[in-house]
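>>> Could you look at this predicted model? Sequence included:
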Amino acid sequence: MDNNPVLEAYQAADLENLLEHVAWTEVLQPKLLELKEQYSIMLVSHDLGEALPGKLTREQLAGRIYGINFILKLIRDVLVRGTAATAELRASGFSIAN
């Protein structure tokens, strides 16, 4: 896919707006990081001989950690590309109004 700075800048602006509305920084991101930490601790504890709660398997825990990492990386990547695209547009004399 070709890099289109206008599209990437608009996507980042839309994503930032959405994330603000869903309380990403204050609620969702901290909760995802907390869950990831809990799952990681459970996985390590299991590897050291402790039983997992309920019918949870180590593969399910690993999948949850992977899923959280995927979501965090996806959001960060869109924001980083958008920030770079916005800077590129500004350098060319264009502005994206929110």
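Yes, it's here. Numbers count the residues shown, from 1 in each chain.
>>> C-alpha only now, for contacts and for neighbours.
Fine.
>>> other SSEs contacting the longest helix belonging to the chain?
Longest helix of the chain, by residue count under DSSP state H: helix 58-91. In terms of contacts (3 or more CA pairs under 8 Å, 6 or more residues apart in numbering; DSSP states H and E), helix 58-91 is packed against helix 5-21, helix 29-47.
>>> Check which residues of it are buried.
Residues of helix 58-91 classed as buried under the neighbour-count rule (16 or more other CA atoms under 10 Å) are 58, 61, 64-65, 68, 78-79, 81-89.
>>> Identify, from the residues you listed, the entry nearest to Leu28.
Nearest to Leu28 out of the buried residues of helix 58-91 is Ile68 (CA to CA; 11.1 Å).
>>> What residues does the closest one make contact with?
Residues counted as contacts of Ile68 (CA atoms under 8 Å, 6 or more residues apart in numbering) are Leu32, Leu33, Lys36.
>>> for Glu88, same thing?
Pro5.
>>> before we move on, back to that, how much does the longest helix of the chain deviate in direction from helix 5-21?
120 degrees (axes from the mean of the first three to the mean of the last three CA atoms, to 10 degrees).
>>> Report the distance from helix 58-91 to the chain centre.
The chain centroid and the centroid of helix 58-91 are separated by 4 Å under CA atoms, centre = their mean, to the nearest Å.
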